[in-house]
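Q: coordinates only, sequence not included:
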């Protein structure tokens, strides 16, 4: 029997790649997505396509309503920054930061992992994120992992410990795209845009679209998502 | 301006007391409850009464559906153990354990605390729980606190750290009841039972009912909840 892993799957480029890595490492994958009041629910359509294409054993979408708390551009009525003259990536914490998001996502992943008796969780956090998002930093992930082992049966009964795998953490966007391309990830069905147009096309102007375009350019590849929306 | 605290409020005896302590310590309290597929939704009615009686600034109830994952007597179709001959408290992890529950609850509390710029969270975990529930142990709480400070703006910007307050952690049930009684907690509107009867009356037979009855007896007090349901 293959070991099980819970994989956080947003429908973005990174998590689709993380799922492919988990699969390549021999895990039966249980994909976990969230409907959390994000404006761009098209993400979840992409997550479903990825889960199916990559033969996840199950794909659960959890409804959480962070809007009750307010406080972020992704969940409240604040404009997402775009079209800035240099397309430079913001320093400091972006206003697209969602409070405690990864803590909440990993907590649900932990609950499912415990029920499945899975020891591994995959999350596609990446060096490019953690200058901006505190809950993408390696020290956060390691701390959550320690907490996870104290929170669950694993910690009490001396079972094998929970492990949070972050296969993309040190990769550049171009490296991630190369890796996923080698693993046959269909990037036409991933979305990175913070503020997609009607029909799900990327805006092309937000930080995330710019990072993605730069990644494909550096990898010397065309972005199949852009191709999918060409007239 | 009084400092703010997010208080996890289940509607049980312990969390109602924790709310009273938070208030006594001078915090403006933001009560947070969860509808998580528990059989005993009467808890949430009690939580609402407590929030109102204790003048919480706000009371948010979050819907989470742990049933998607299965795995616990409180959320799945497993019988709650009761009426055992000695009413002894189980050793080992009870089947009423809900996977990663406190991790999920604290994650939401953290999100709200960050939005509110609250540095304090209160949770009514207690020594009597942590022999059975791994996520009630002090080492879990301290680890989550460290994780919380890495997860949020606090950790990045060097703001004042998040603090998880556990005012009941070392108290016996009788001590908790004495403390809450001194702070005017109306225990008639708290519920501890794992499996309440129609109308919300406690079953009297589950571990939690037995612990509560023993606590009131040791404190030399009548349980106003029992009185409320007397014919």
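A: Great, that's in hand. Just so it is clear, the structure is predicted and the values come from calculations on it, not from any experiment.

Q: pLDDT-wise, which helix or strand of chain A ranks last?
A: helix A:153-157 (a mean of 64; mean pLDDT, DSSP states H and E).

Q: can you map out the helices along chain A?
A: Secondary structure of chain A (DSSP state H): helices located at A:13-24, A:42-53, A:101-116, A:138-151, A:153-157, A:173-182, A:207-219, A:224-228.

Q: could those go into TSV alongside distance to residue B:223 and mean neighbour count?
A: C-betas here are computed from N, CA, C, even on glycine. Below are the helices of chain A laid out as TSV (distance: least, C-beta to C-beta, whole Å; neighbours: other C-beta atoms under 10 Å in any protein chain shown):
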stretch	distance to residue B:223	mean neighbour count
helix A:13-24	50	25
helix A:42-53	47	20
helix A:101-116	33	25
helix A:138-151	31	22
helix A:153-157	31	18
helix A:173-182	59	19
helix A:207-219	56	20
helix A:224-228	62	16
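
Q: In terms of mean pLDDT, which of those helices ranks lowest?
A: Mean pLDDT is lowest for helix A:153-157 among these, at a mean of 64.

Q: Roughly how far does residue A:108 sit from residue B:187?
A: 33 Å (C-beta to C-beta, to the nearest Å).

Q: actually residue A:99, not the one I wrote
A: 34 Å.

Q: do residue A:43 as well
A: Distance of residue A:43 to residue B:187, given as C-beta to C-beta: 46 Å.

Q: cool, and residue A:58?
A: Applying C-beta to C-beta, the value for residue A:58 to residue B:187 is 43 Å.

Q: Of these two, which one has the most company?
A: Neighbours per residue (other C-beta atoms under 10 Å in any protein chain shown) separate residue A:58 from residue B:187, with residue B:187 holding more: 25 against 15.

Q: so who does the more buried one touch?
A: The contact partners of residue B:187, taken as C-beta atoms under 8 Å, 6 or more residues apart in numbering or on different chains, are B:13, B:16, B:177, B:180-181, B:223-225.

Q: ok, residues contacting stretch A:162-169?
A: Contacts for stretch A:162-169 (C-beta under 8 Å, 6+ apart): A:5, A:14, A:17-18, A:21-22, A:25, A:106, A:110, A:113, A:119-127, A:138, A:141-142, A:144-145, A:148-149, A:152, A:154, A:176, A:179.

Q: so which of the residues you listed also contact chain B?
A: Applying C-beta under 8 Å from any C-beta of the partner chain to the contacts of stretch A:162-169, one finds that A:106, A:110, A:144, A:148, A:152 fall near chain B.

Q: Just send those residues back as JSON lines, with distance to residue B:162 too.
A: Below are these laid out as JSON lines (distance: C-beta to C-beta, whole Å):
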{"residue": "A:106", "distance to residue B:162": "17"}
{"residue": "A:110", "distance to residue B:162": "19"}
{"residue": "A:144", "distance to residue B:162": "14"}
{"residue": "A:148", "distance to residue B:162": "18"}
{"residue": "A:152", "distance to residue B:162": "22"}
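
Q: Please identify the one among those residues that lies nearest to residue B:48.
A: residue A:110 (28.7 Å; C-beta to C-beta).

Q: That closest one contacts residue A:150, doesn't it?
A: No. The criterion here is C-beta atoms under 8 Å, and residue A:110 misses it with residue A:150 at 11.0 Å.

Q: Quick check: the gap between the nearest residue to residue A:139 once chain neighbours are set aside and residue A:5.
A: Nearest residue to residue A:139, sequence neighbours excluded (C-beta to C-beta, 6 or more residues apart in numbering or on different chains): residue B:150, at 5.5 Å. For residue B:150, the distance to residue A:5 (C-beta to C-beta) stands at 23 Å.

Q: ok, now residue A:23?
A: 9 Å.

Q: what residues are shared contacts of those two?
A: Residues touching both residue A:23 and residue A:5 (C-beta under 8 Å, 6+ apart) are residue A:29.

Q: How about the residue nearest the centre of chain A, nearest residue that isn't a chain neighbour?
A: When C-alpha atoms, centre = their mean is applied to chain A, the residue found nearest the centroid is residue A:15 (3.9 Å). Of all residues not flanking residue A:15 in the chain, residue A:124 sits nearest, at 4.1 Å (C-beta to C-beta, 6+ apart).

Q: who does the longest strand seen in chain A pair up with?
A: Longest strand in chain A, counting residues (DSSP state E): strand A:28-35. Sheet pairing for strand A:28-35, assigned by DSSP bridges, gives strand A:4-8 (parallel), strand A:58-63 (parallel).

Q: Give me the angle between the last one and helix A:42-53.
A: Direction vectors for strand A:58-63 and helix A:42-53, defined by axes from the mean of the first three to the mean of the last three C-alpha atoms, to 10 degrees, enclose an angle of 170 degrees.
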